[in-house]
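Participant: Need coordinates for the following:
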Amino acid sequence: MAAAAVVAMASGCSLPLRDLGPLPPRYTGPVLPADAVVADLTAALAAEGVAVRRMPVDPSGAECHEALGAEHPPATAPAAVRAAFDRVRSGYGWQSAAGPDEGYLSVSKGNWTATTRIDAHPPAGVPAAPVVITLVCDGRRATPPASPAAPVSTGSPGPG
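Facilitator: Alright, predicted model coming up:
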């Protein structure tokens, strides 16, 4: 009897899964260009004394990925980055986002999420702590698609 119950539970009680298609994008508004979100974060960090630079783009052409980097005095880097993330939320319209793990800060705006790791205990004796902010878009193109070119006429010229 117990074996029959196990077989019934394993085969007959579960509903088959249906494919409902791809998940909708997390953000359905207009696509924000990478330059705009980089400018927001750069300005907020600069206001807190962290001079970030845009890191080279991935050579594979992944346009939904950007990175900002800086070196900052280790004693003040965590507080400055936290203050910059507060500033980008209050002054630039970014929202808090769930970080990947404890010790990370994440904010999102439009189709972009920015994440950084905050080292609560920077190494002693190091003159500068690295600050790296990774920006990732939700998978849609980070730049609006180019408008189609005007059709080219291949027919013969008109009477003339």
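Participant: Which stretches in this protein count as strands?
Facilitator: 53-54, 65-72, 95-96, 104-109, 112-117, 129-137 (DSSP state E).
Participant: Let me see the contact set for residue 91.
Facilitator: Contacts for residue 91 (CB atoms under 8 Å, 6 or more residues apart in numbering) come out as residue 44. Any C-beta I mention is one placed from the backbone N, CA and C, and that applies to glycine too.
Participant: ok, now how distant is it from residue 109?
Facilitator: According to CB to CB, to the nearest Å, residue 91 and residue 109 sit 12 Å apart.
Participant: is it possible to export the strands of the chain to JSON lines including distance to residue 36, mean pLDDT and mean neighbour count?
Facilitator: Formatted as JSON lines, the strands of the chain follow (distance: least, CB to CB, whole Å; pLDDT from 0 to 100; neighbours: other CB atoms under 10 Å):
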{"stretch": "strand 53-54", "distance to residue 36": "13", "mean pLDDT": "95", "mean neighbour count": "13"}
{"stretch": "strand 65-72", "distance to residue 36": "11", "mean pLDDT": "93", "mean neighbour count": "19"}
{"stretch": "strand 95-96", "distance to residue 36": "15", "mean pLDDT": "94", "mean neighbour count": "12"}
{"stretch": "strand 104-109", "distance to residue 36": "9", "mean pLDDT": "94", "mean neighbour count": "20"}
{"stretch": "strand 112-117", "distance to residue 36": "9", "mean pLDDT": "94", "mean neighbour count": "22"}
{"stretch": "strand 129-137", "distance to residue 36": "11", "mean pLDDT": "92", "mean neighbour count": "20"}
